[in-house]
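*Asks:* quick one, what's the 3D model for this:
(one chain, ligands or ions: 1)
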Amino acid sequence: MQRRPGFPARLDLPAGPAGRAASPFSPVGSRTVVAAPLGLGLDSAAVRSRMVQKLAQGGIGSSGVLDAMSAVERHRFVDSALVNQAYEDTSLPIGLGQTISKPSVVARMAELLLGARCAQPQGLGRVLEIGTGCGYQAAVLGQIAREVYTLERLRGLHDKARDNLRPLRLANVHLLFGDGMLGYAQGAPYSAIISAAGGHAVPAAWCDQLAMGGRLVAPMALSGGQQALLVIDKTEQGLKQTVLEPVHFVPLKSGVG
Ligand code: SAH
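*Replies:* Below you'll find the predicted structure:
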């Protein structure tokens, strides 16, 4: 397994789960910080809390989402060369031509999911994610949902996500290898479905597998070719669609690779 550096990197100590408390996301404060990236003089918790502050200033109002974003250490999901950029609001390459989404987009989509009519004050029930990538968003969703099923079509990324998530021991995040366009019927119905890849149409399986009162959030190509976030609510009266702001996601592809 590839060893992930701490944040900032301390090269003589593995940043493994050793010594962690009951919470899978106990702060890194007990680890010695020897050098700070970009001369910031901050450890990972401090940099993350600044990121969360910016998310709140940018309009994220859900404390559940803000807590989730501050709990998950994004720097553990990116390559060591990119660790210094882990808390900037930017998407980053994760290999095989794919990217980890910007924190503001992850937070925005999570907040939209929590707007599902069937969401409870304590969060969501079962959630399906299409496009595991490096596993970051799945870990965030794991903080606001009882169970997360996440599908990845590229074996290399599925394996990478497994390596990234293993030390966090998130028993409620289930990694699946397969074509997300088919959804995952075994876990249905879902309170929420989220896609991290943009297609040209919403696969029928996603709507079928959504619970009544459930919400789907996905990037989708509009007729002009531009991508926008699409929200679909499943109601007694049928599916209600809302098109939101423009976004830029990697393409949703069928089959596995
Ligand atoms: N949520 C991810 C973002 C990954 S980018 C993260 O936090 O890192 C989107 C991912 O969707 C890519 O890994 C891509 O391989 C995957 N993807 C695209 N089409 C897919 C499909 N049909 N089924 C499953 N995964 C798919």
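*Asks:* hmm, residue 113 is touching residue 217, no?
*Replies:* Yes: with contacts counted by CB atoms under 8 Å, residue 113 reaches residue 217, the gap being 5.8 Å. (Each C-beta comes from the backbone N, C-alpha and C, glycine too.)
*Asks:* run through the stretch 151-257 of the chain and note the low-pLDDT ranges.
*Replies:* Along the stretch 151-257 of the chain, the model assigns pLDDT under 70 to no residue.
*Asks:* now do the shared contacts for residue 113 and residue 217.
*Replies:* 192, 194 (CB atoms under 8 Å, 6 or more residues apart in numbering).
*Asks:* and these two? which has more neighbours close in?
*Replies:* Set residue 113 next to residue 217 and count neighbours by other CB atoms under 10 Å: residue 113 wins out with 27 against 22.
*Asks:* doesn't the more buried one fall inside a helix?
*Replies:* Yes: checked against DSSP: H, G, I helix; E, B strand; the rest coil, residue 113 lies within a helix.
*Asks:* what comes up buried for the longest helix seen in the chain?
*Replies:* Assignment by DSSP state H gives helix 44-57 as the longest helix of the chain. By neighbour count on 16 or more other CB atoms under 10 Å, the buried set for helix 44-57 is 44, 46, 47, 48, 49, 51, 52, 54, 55, 56.
*Asks:* likewise for stretch 177-186?
*Replies:* 177, 179, 180, 181, 183, 184.
*Asks:* any idea which helix or strand carries the residue lying closest to residue 60 once chain neighbours are set aside?
*Replies:* Once flanking residues are discounted, residue 60 sits nearest to residue 107: 4.7 Å by CB to CB, 6 or more residues apart in numbering. Using DSSP states H and E, residue 107 maps to helix 103-114.
*Asks:* how far away is residue 51 from residue 44?
*Replies:* 10 Å (CB to CB, to the nearest Å).
*Asks:* who touches both of these two?
*Replies:* With CB under 8 Å, 6+ apart as the test, residue 51 and residue 44 both reach residue 87.
*Asks:* the ligand contacts on the stretch 151-257 of the chain?
*Replies:* 151-154, 157, 179-181, 196-197, 250, 252-254 (CB under 6 Å from any ligand atom).
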